[in-house]
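1. Got a predicted structure plus its sequence, pasted below:
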Protein chains: 2
Amino acid sequence: MELLFVGAGVHGASSLPIGAIEHLKRSSKLYVDVYTSPWPEGELARLEGILGRSALRGTRALLEDGRAILDEAMKGTVAILCMGDPFTATTHVSLRLRAIERGIRVKTFYSSSILNAVFGETGLHCYKVGRVVSLIRAAPAALVSVYMAVKDCLQLGLHSLLLLEYNYDEGYHLSPSEGLKMLQELESSYKMGVFTDDRLVVVASRVGWPSQTIVAGPLRDLIRLEFGQPPHCMIFPGPLHFSEEEAMAKMLGSASAVKDAVAELISPSKAMVERTITKTLAALSEARRIAHESSVTNLEAIFENVEAYLSDARRFLMEGKPELALMEAGYAEGLLDAIRLQGTLKMTW
Amino acid sequence: MELLFVGAGVHGASSLPIGAIEHLKRSSKLYVDVYTSPWPEGELARLEGILGRSALRGTRALLEDGRAILDEAMKGTVAILCMGDPFTATTHVSLRLRAIERGIRVKTFYSSSILNAVFGETGLHCYKVGRVVSLIRAAPAALVSVYMAVKDCLQLGLHSLLLLEYNYDEGYHLSPSEGLKMLQELESSYKMGVFTDDRLVVVASRVGWPSQTIVAGPLRDLIRLEFGQPPHCMIFPGPLHFSEEEAMAKMLGSASAVKDAVAELISPSKAMVERTITKTLAALSEARRIAHESSVTNLEAIFENVEAYLSDARRFLMEGKPELALMEAGYAEGLLDAIRLQGTLKMTW
């Protein structure tokens, strides 16, 4: 009565944890998960050589349904071996919970995962990981959460990791250029400066495999490249620490591409405050002109306050206090607009 | 001319990647990093048994200075074996870059890391990792960045992972209760509702080891517990998906503790908008009373606008648009205050 999850790591057979070997040899059933991630060419055969036995293919139907596996685990030890780390795939997490419910003992051998390896191989700090997101082929409307996740990370100065879809059943994978095109389309709807031509992106393909390639540069350049076989992932780095810049230059040889790919994010608060300041200053100048022409003299206290609050709003923005800036800008606009609403001055804005 | 980094994973000797064994046996020098993370009892001896050779201890002085290692790697193959994943420690990243500079070939075997294993063992989604932060014993002023990192994650609905300090040279580790006390002190300064008594925290000790313990519950309970030997880490989860709640209940047996530990974060925008709405509504009611008593009748347009904008601010807040809410609340306040500033009504607020 045991269900064993074994991560084969990012390198394939050579990253198999040694402690798992005897368990895999002795298990009554051995499945290799070919569904959630592809295996490097020849690695399954190498693995079967190491274990001295052949492994069954764990397809989507088998793993997602899970009943056959759980039934077998009630009678003996069933082992599931998968690329990377076992619990990055929610399919495995769910299988594990159902095993616990049925009183089946669960044992796990963790191994290396794309999450560590891609940060190790790019020299980006894994401490700055902000989000791990799956990018699947979908209509823009279904990808809003991806857009917002990367935006949030960039705003907080963090890196986001996008794992690109791999679909074993349909023999399909999302290519980095197709993924980037989808993100570019999102940018044209949301316009917050997230997936602009200048945005730095790192495309990492087959990390840990002999054919690993990692390229960094602005979106406009990488969208044109072909990266070959899956698995693929992409990182959208937040602002780089100097040691990250140094590491990327030395490890990926992409110093100039990285330096050139600096795209500023457009914060909605900042845009909103600046628009209000511009609009209100124009209205203030108009109000002063009309007041002067109509010899209305009791509005100077209002005018001075409007100016003072707008200048406070600008200062708060620079000090990184967007909430206060928004409040002050709104207040200044209200002060001035009250004159119009009361009919004290006949003006439009 | 080779420098080899090998992650021994979270389980100790049994998570060593099989492909690394021959490389470790053949290397001219073999160091075990005892500085950046502690090893489980007996695992070093077990490892030396597997490799059939003894390993040198890689201390802080040796690894941080690095020159002796690089000089040796110029003449042969130097292997560095460490717990977990090699490049979570910045010491190793820096050594790697210096090796590349000197033309030394770098080879890496990745292995399991706390980052995957702790999400796997708690059932929390690794997709929702927001930040990985080191928590070291320090004065509150030095920990502001930790406070803000966890706050940002909670606001975005993400999980933050705090790795607790381990200091080999001084034989010291930060205990979870000491760490939580430091965070509680920060809360008393910053008061944003991050490290409150009710805040859900997961303390994970010795993940992957036979003596692994993971406990989830409100900060007030966990701060009183002893968790024994390092390594320790903590997760402050964002709002839980129902499948995460289910997993925590089944895997950690902490359903009620998790359900009870729901502390709402005090968003500065929300607090600011609500304060402004309350204050402005009170002033509006006062203004109406005075206007009525003094038979001033041309202010109804203003009053109605103030009400409408306050109600918009409340709606925007509920819709998750705090920027608009702040702007509208500020505007309403300004509209009303203009009456006082113009001297139209004699009132104070």
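-> Received, thanks. Numbers count the residues shown, from 1 in each chain, chains lettered A, B, ... in the order given.

2. what number of residues lie near residue A:321?
-> Around residue A:321 there are 16 other residues, counting by other CB atoms under 10 Å in any protein chain shown. Quick note: C-beta positions are derived from backbone N, CA and C, even for glycine.

3. just for the stretch 101-250 of chain A, where's the confidence low?
-> Residues of the stretch 101-250 of chain A meeting the criterion pLDDT under 70: none.

4. Now do the buried residues in stretch A:225-237.
-> A:227, A:230, A:231, A:232, A:233, A:234, A:235, A:236, A:237 (16 or more other CB atoms under 10 Å in any protein chain shown).

5. pretty sure the second one is in contact with residue A:38, am I right?
-> Yes - Residue A:230 sits in contact with residue A:38 when judged by CB atoms under 8 Å, with a separation of 5.4 Å.

6. Quick check: the two most widely separated of the buried residues of stretch A:225-237?
-> A:230 and A:237 (21.8 Å; CB to CB).

7. how far away is residue A:146 from residue A:187?
-> For residue A:146, the distance to residue A:187 (CB to CB, to the nearest Å) stands at 11 Å.

8. now residue A:209
-> 31 Å.

9. Just give the number of residues close to residue A:145.
-> Neighbours around residue A:145, by other CB under 10 Å: 9.

10. Residue A:189 too?
-> Applying other CB under 10 Å, I find that residue A:189 has 12 neighbouring residues.

11. do residue A:61 as well
-> The burial count for residue A:61: 11, using other CB under 10 Å.

12. what about it, helix or strand, and which?
-> Residue A:61 belongs to helix A:60-65 when assigned by DSSP states H and E.

13. Was I right to think residue A:116 contacts residue B:116?
-> Yes - contact criterion CB under 8 Å: residue A:116 and residue B:116 qualify, at 7.3 Å.

14. Test my guess that residue A:182 contacts residue A:136.
-> No - judged on CB under 8 Å, residue A:182 makes no contact with residue A:136 at a distance of 9.5 Å.

15. more neighbours, those two?
-> The residue with more neighbours, out of residue A:182 and residue A:136, is residue A:182; 20 against 15, by other CB under 10 Å.

16. measure the residue lying closest to that one once chain neighbours are set aside to chain B for me?
-> Leaving out its chain neighbours, the residue that sits closest to residue A:182 by CB to CB, 6 or more residues apart in numbering or on different chains is residue A:143, at 6.5 Å. Remark: distance between residue A:143 and chain B (CB to the nearest CB, to the nearest Å) = 15 Å.

17. Quick check: which element contains residue A:201?
-> Using DSSP H and E, residue A:201 falls in strand A:200-205.

18. what pairs with that strand, and is each one parallel or antiparallel?
-> Sheet pairing for strand A:200-205, assigned by DSSP bridges, gives strand A:213-218 (antiparallel), strand A:232-236 (antiparallel).

19. Next, the buried residues of the first one.
-> When burial is assessed from 16+ other CB under 10 Å, strand A:213-218 yields the following buried residues: A:214, A:215, A:216, A:217, A:218.

20. can you give me the strands for the stretch 1-150 of chain A?
-> A:2-7, A:29-33, A:56-58, A:77-82, A:105-109, A:129-135 (DSSP state E, counting those that start in this stretch).

21. Now mean neighbour count and distance to residue B:288 too, for those strands, in a markdown table please.
-> Converted to a markdown table, the strands of the stretch 1-150 of chain A look like this (neighbours: other CB atoms under 10 Å in any protein chain shown; distance: least, CB to CB, whole Å):
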| stretch | mean neighbour count | distance to residue B:288 |
| --- | --- | --- |
| strand A:2-7 | 25 | 68 |
| strand A:29-33 | 22 | 69 |
| strand A:56-58 | 15 | 72 |
| strand A:77-82 | 25 | 68 |
| strand A:105-109 | 18 | 67 |
| strand A:129-135 | 22 | 49 |
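
22. Which of the ones you listed sits closest to residue B:21?
-> Using CB to CB, those put strand A:105-109 closest to residue B:21, at 15.9 Å.

23. residue at max distance from the center of chain A?
-> residue A:295 (59.0 Å; CA atoms, centre = their mean).

24. How about the contacts made by the nearest residue to residue A:108 once chain neighbours are set aside?
-> Spatial nearest neighbour of residue A:108, chain neighbours left out: residue A:5 (4.7 Å); criterion: CB to CB, 6+ apart. Going by CB atoms under 8 Å, 6 or more residues apart in numbering or on different chains, residue A:5 touches A:79, A:80, A:82, A:86, A:87, A:92, A:96, A:106, A:107, A:108, A:109.

25. now, which of those sits nearest residue B:246?
-> Looking across those and measuring by CB to CB, the closest to residue B:246 is residue A:96, at 11.3 Å.

26. Was I right to think residue A:107 contacts residue A:17?
-> No - applying CB under 8 Å as the test, residue A:107 and residue A:17 come out as separate, 11.8 Å apart.

27. Give the residues shared as contacts by those two.
-> With CB under 8 Å, 6+ apart, residue A:107 and residue A:17 have no common neighbours.

28. before we move on, the earlier item: can you add distance to residue A:124 and give the buried residues of strand A:213-218 back as TSV?
-> Shown next, in TSV, are the buried residues of strand A:213-218 (distance: CB to CB, whole Å):
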residue	distance to residue A:124
A:214	11
A:215	14
A:216	10
A:217	14
A:218	17
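
29. now, among those, which is nearest to chain B?
-> Minimum distance to chain B across the buried residues of strand A:213-218 is 13.2 Å, recorded for residue A:214 (CB to the nearest CB).

30. Excluding chain neighbours, what is closest to the closest one?
-> Nearest non-adjacent residue to residue A:214 (CB to CB, 6+ apart): residue A:204, at 4.6 Å.

31. quick one on the thing from earlier: columns distance to residue B:130 on top of the strands of the stretch 1-150 of chain A, output as a markdown table?
-> Formatted as a markdown table, the strands of the stretch 1-150 of chain A follow (distance: least, CB to CB, whole Å):
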| stretch | distance to residue B:130 |
| --- | --- |
| strand A:2-7 | 23 |
| strand A:29-33 | 28 |
| strand A:56-58 | 31 |
| strand A:77-82 | 25 |
| strand A:105-109 | 24 |
| strand A:129-135 | 6 |
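
32. Point out the residues in the stretch 101-250 of chain A that sit beside chain B.
-> A:101, A:108-113, A:115-117, A:119-121, A:123, A:125-127, A:129-134, A:152, A:156, A:158, A:208, A:243, A:246-247, A:250 (CB under 8 Å from any CB of the partner chain).

33. Narrow these to those in helices?
-> A:101, A:115, A:116, A:117, A:119, A:120, A:121, A:152, A:243, A:246, A:247, A:250 (DSSP state H).

34. could you flag which of the residues you listed are buried?
-> The buried subset of those (16+ other CB under 10 Å) comprises A:115, A:116, A:117, A:119, A:120, A:121, A:152, A:246, A:247, A:250.

35. What helices and strands are in contact with the biggest helix by length in chain A?
-> Assignment by DSSP H gives helix A:268-293 as the longest helix of chain A. Judged by 3 or more CB pairs under 8 Å, 6 or more residues apart in numbering or on different chains; DSSP states H and E, the packing partners of helix A:268-293 are helix A:300-318, helix A:322-341, helix B:322-341.

36. out of those helices, nearest to residue A:281?
-> Of all the helices and strands packed on helix A:268-293, helix A:300-318 comes closest under CB to CB, at 6.5 Å.

37. List the buried residues in that closest one.
-> Under 16+ other CB under 10 Å, the buried positions of helix A:300-318 are A:302, A:303, A:305, A:306, A:309, A:310, A:312, A:313, A:314, A:316, A:317.

38. Report whether it contacts chain B.
-> Yes - judged by CB under 8 Å from any CB, helix A:300-318 and chain B are in contact via A:301, A:302, A:305, A:309.

39. so what pLDDT did the third one get?
-> Which is residue A:305. Residue A:305 carries a pLDDT value of 93.

40. check contacts around residue A:342.
-> Residue A:342 touches B:298, B:299, B:301, B:302, B:338, B:339, B:342, B:344, counting by CB under 8 Å, 6+ apart.
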